[in-house]
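Q: Need coordinates for the below:
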Amino acid sequence: MTVPRVARRLLPGVAVAAAAAAAALAWLAHLALPAVPVLTGAVALGIVVGQVPALRPALGRQLAPGLRFAARSLLRAGIVLLGLKLSLVDIAGLGWVTIATTVAVVVLTFVGTIGLGRALGLPGHQPVLVASGFAICGASAIGAMGAALRARHEEQAVPVALVTLCGTLAIAVLPALWHPLGLSATGFGHWVGAGVHDVGQVVATAQLAGTAALAVAVVVKLTRVLMLAPMVAITAAIERRRASDAAGPRPTIVPLFIVGFLAAVLVNTFVPLPEWVLTGADLVQTALLAMALFALGASIRVAALVRTGWRALVVGLTSWVLVAALAHGAVLLG
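A: Now for the predicted structure:
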């Protein structure tokens with residue numbers, strides 16, 4: 001077997017190993033600076049790596065298969081395990097008003113962002129991907145929706161960059177607005193859970209208001225995460241119908257990893273799992289998503305984003321304001 005052929009077989013694994021190392025670095029950064037969530041750090045590290053000129057040829061060619069595997073297969077596995085964080089009992093404990101307003105925030109942000117994205121001419125699946133990230137659960141939702149719609153990595157790069165930017169800014173901006181808006185500690189937690197994108201960013205933001213606020217924020221946020229399944233399934237069904245009309249490749253009706261996600265939610269709700277199982281699953285899920293999001297971040301080219309992404313930036317910032325405003329309204333109604 002020739003050396004180039006051996007290299008071609010080994011390099012995808014090297015790419016995944018590199019993603020694993022990057023995930024470990026993001027974890028260490030989180031331990032040193034708890035305000036920086038692991039997944040945010042993984043995306044940011046991937047973006048930095050993607051800007052190094054000497055690495056771009058390898059990222060675009062030799063390492064591309066392994067990074068695609070990380071961004072697709074590892075992400076799907078991580079999303080399945082994400083379901084083990086959700087319990088329908090905890091969500092039901094919020095009360096029907098909080099659940100209804102949280103669902104309304106997700107749906108209105110999703111629809112509004114898609115409409116704005118299309119009005120401003122964002123290409124391809126970008127309007128749906130930006131909407132998924134801001135309305136549901138950040139870069140993880142973008143990856144899940146992109147996988148269901150078979151979106152190209154280039155389409156996912158800009159939404160991932162935007163949701164990472166705005167989610168990171170939220171860690172600093174929302175606490176500064178806590179007291180001016182007259183919110184109680186639990187009200188602040190509700191606002192953060194309903195309006196911040198990634199679970200890690202929610203934890204980093206809400207913990208500033210104490211354990212009660214953090215508990216409310218996490219449960220509200222996980223209610224939004226539960227919306228990932230129906231939103232992906234409905235959007236995939238709509239895109240499938242459009243693809244059928246256009247005789248193009250059709251997304252699956254309900255992606256298999258979404259079925260796995262729902263199954264994990266039901267298991268965690270009705271099966272008394274040992275704490276060590278939940279803790280281990282949480283560690284594996286975080287590691288898988290960190291590797292996947294590093295791979296997605298490595299596909300981002302900041303220079304191209306600056307030149308061509310101003311429309312997406314307008315959509316992202318507007319969506320961020322929209323979800324924060326709707327979330328504040330949900331707190332007042334709750």
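Q: which helices and strands does the helix or strand harbouring Ala58 pack with?
A: Here Ala58, judged by DSSP states H and E, is contained in helix 56-60. Using 3 or more CB pairs under 8 Å, 6 or more residues apart in numbering; DSSP states H and E, the elements in contact with helix 56-60 are helix 38-50. From N, CA and C alone the C-beta is placed, and that goes for glycine too.
Q: and the helix it packs on, what's its mean pLDDT?
A: Averaging pLDDT along helix 38-50 gives 81.
Q: next one: stretch 286-295
A: 83.
Q: show me the contacts for the residue lying closest to Ala26 once chain neighbours are set aside.
A: Of all residues not flanking Ala26 in the chain, Gly41 sits nearest, at 3.6 Å (CB to CB, 6 or more residues apart in numbering). Residues near Gly41 by CB atoms under 8 Å, 6 or more residues apart in numbering: Leu25, Ala26, Trp27, Ala29, His30, Ala290.
Q: quick revisit: buried ones in the helix holding Ala58, by neighbour count?
A: Across helix 56-60, burial judged by 16 or more other CB atoms under 10 Å covers Ala58, Leu59.
Q: Which SSE is immediately downstream of it?
A: Using DSSP H and E, the next helix or strand after helix 56-60 towards the C-terminus is helix 64-69.
Q: I'd like to know which elements that next one is packed against.
A: Using 3+ CB pairs under 8 Å, 6+ apart as the contact test, the elements touching helix 64-69 are helix 3-32, helix 275-298.
Q: weakest of the ones you listed by average pLDDT?
A: Across these, helix 3-32 has the smallest mean pLDDT, namely a mean of 60.
Q: pLDDT weak spots in this structure?
A: Applying pLDDT under 70 to the chain picks out residues 1-24, 30, 35, 243-254, 304-305, 307-308.
Q: Now do the strands in it.
A: In the chain, no strands are defined using DSSP state E.
Q: ok, the spatially closest residue to Gln51 that is not a sequence neighbour - how many residues close by?
A: Nearest non-adjacent residue to Gln51, counting by CB to CB, 6+ apart: Val302, 5.7 Å away. Val302 is flanked by 14 other residues according to other CB atoms under 10 Å.
Q: For the closest residue to Ala151 other than its chain neighbours, give its distance to Arg311.
A: Once flanking residues are discounted, Ala151 sits nearest to His125: 4.3 Å by CB to CB, 6+ apart. Separation of His125 from Arg311 (CB to CB, to the nearest Å): 15 Å.
Q: cool, Leu116 as well?
A: 10 Å.
Q: the helices in the stretch 51-200 of the chain, which residues?
A: 56-60, 64-69, 75-82, 88-92, 96-119, 126-132, 138-149, 153-178, 185-195, 199-206 (DSSP state H, counting those that start in this stretch).
Q: Nearest to Leu266 among those helices would be which one?
A: Proximity of those to Leu266 was assessed by CB to CB; the nearest stretch is helix 88-92, lying at 7.9 Å.
Q: returning to what we had before: ok, residues contacting the helix holding Ala58?
A: Val49, Gly50, Leu67, Ala298, Ser299.
Q: Surely the third one touches Gly297?
A: No. Under the criterion of CB atoms under 8 Å, Leu67 lies out of contact with Gly297, with a separation of 10.1 Å.
Q: doesn't Val314 make contact with Leu162?
A: No. When contacts are counted by CB under 8 Å, Leu162 is not listed as touching Val314 (10.1 Å).
Q: These two: who's more crowded?
A: Shown here are Leu162 and Val314; by other CB under 10 Å, Leu162 has more neighbours (27 against 14).
Q: Quick one: neighbours of the residue nearest to the more buried one when sequence neighbours are not counted, just the number.
A: In this structure, Leu162 finds its nearest non-sequential neighbour in Gly316, 3.5 Å apart by CB to CB, 6+ apart. Per other CB under 10 Å, the neighbour tally for Gly316 reads 24.
Q: Spit out the contact partners of Gly316.
A: Val130, Phe134, Pro159, Leu162, Val163, Leu165, Cys166.
Q: do the same with Gly78
A: Applying CB under 8 Å, 6+ apart to Gly78 gives the contacts Ser140, Gln285, Thr286, Ala287, Leu288, Leu289, Ala292.
Q: In contact with the nearest residue to it once chain neighbours are set aside, which residues are there?
A: Of all residues not flanking Gly78 in the chain, Leu288 sits nearest, at 3.5 Å (CB to CB, 6+ apart). Contacts for Leu288 (CB under 8 Å, 6+ apart) come out as Leu74, Leu75, Ala77, Gly78, Leu81.
Q: got it, and Val225?
A: For Val225, counting by CB under 8 Å, 6+ apart, the contacting residues are Leu82, Lys85, Leu86, Ile136, Cys137, Val199.
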